[in-house]
Every structure is written in structure tokens, then in C-alpha cells.
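Student: here's a sequence, model it:
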Amino acid sequence: MERPAFSEFSPHLFWDVDLKELSWEKHTPFMVGRIMEYGVMEDWELLRKYFTIDEIADEAAKLRTLNPLTFNFITSISGRDPKSFRCYYFKAFEQTL
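Tutor: Model (predicted):
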């Protein structure tokens, strides 16, 4: 299936990476995570145009971390067990003062 060009997404999503180095084949979990956590509604709609909810959940399940809101969203819309996601077992670094 054809995948969207990275330039179709909001430019703030990939400000820190060289888009010429990215590919959907190698970096799909990274791309899906960025879009889900930092994208605007148009980015989500574009992602949904090219990926099913199950495909998005498959890629999100590979991520080591997801913010709690994104994690709850993807588990809710996909109907998957939260324990099937890698990020369920890893906590993001929490800074304490």
C-alpha cells in the first residue's frame, strides 16, 4: 500500500530528523508515535487514510513509551489489552524535584 509523504504531515512533527533518512518500512513505529502524540487532527486523519486502526495499534504496541493520554486513546479505539503494548511495562523517566 502506498504511504503518505512525510511532507504531508505538520512540519513540527519531524523538526529534529532528516526526512531524507526516514522510510515507512524502517521507521513506522517512530512515525506513528510522533503523529499520535504530537500531531493535530489533520495529521491523525491523514494517518487513518493510509493505515487501519489495527495497523496503527500494531505499530504503537512496539513503542517503548507513549504518553498516558495517547496510550489510553489507542487501547480504547483498538479494543486491545493494554498489556499487549510494550509501553505498558516501561515507565517514562519522571523527573522529581
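Student: tell me where the protein has helices.
Tutor: 24-38, 41-50, 53-60, 68-78 (DSSP state H).
Student: how far away is Ile56 from Trp15?
Tutor: Ile56 is 22 Å from Trp15, where distance means CB to CB, to the nearest Å. In short, each C-beta sits where N, CA and C put it, glycine included.
Student: which one of the two is surrounded by more residues?
Tutor: Using other CB atoms under 10 Å, the more surrounded residue of Ile56 and Trp15 is Ile56, with 21 against 8.
Student: thought Val32 was touching the more buried one, still the case?
Tutor: Yes: if you go by CB atoms under 8 Å, Ile56 and Val32 touch, sitting 5.8 Å apart.
Student: residues in contact with the worst-scoring helix or strand of the chain on mean pLDDT: which ones?
Tutor: Here the helix or strand of the chain ranked lowest by mean pLDDT, DSSP states H and E is helix 24-38, holding a mean of 91. Residues outside helix 24-38 that contact it (CB atoms under 8 Å, 6 or more residues apart in numbering): 3, 6, 9, 12-14, 22, 43-44, 47, 51, 56, 59-60, 62-63, 66-67, 70, 73-74.
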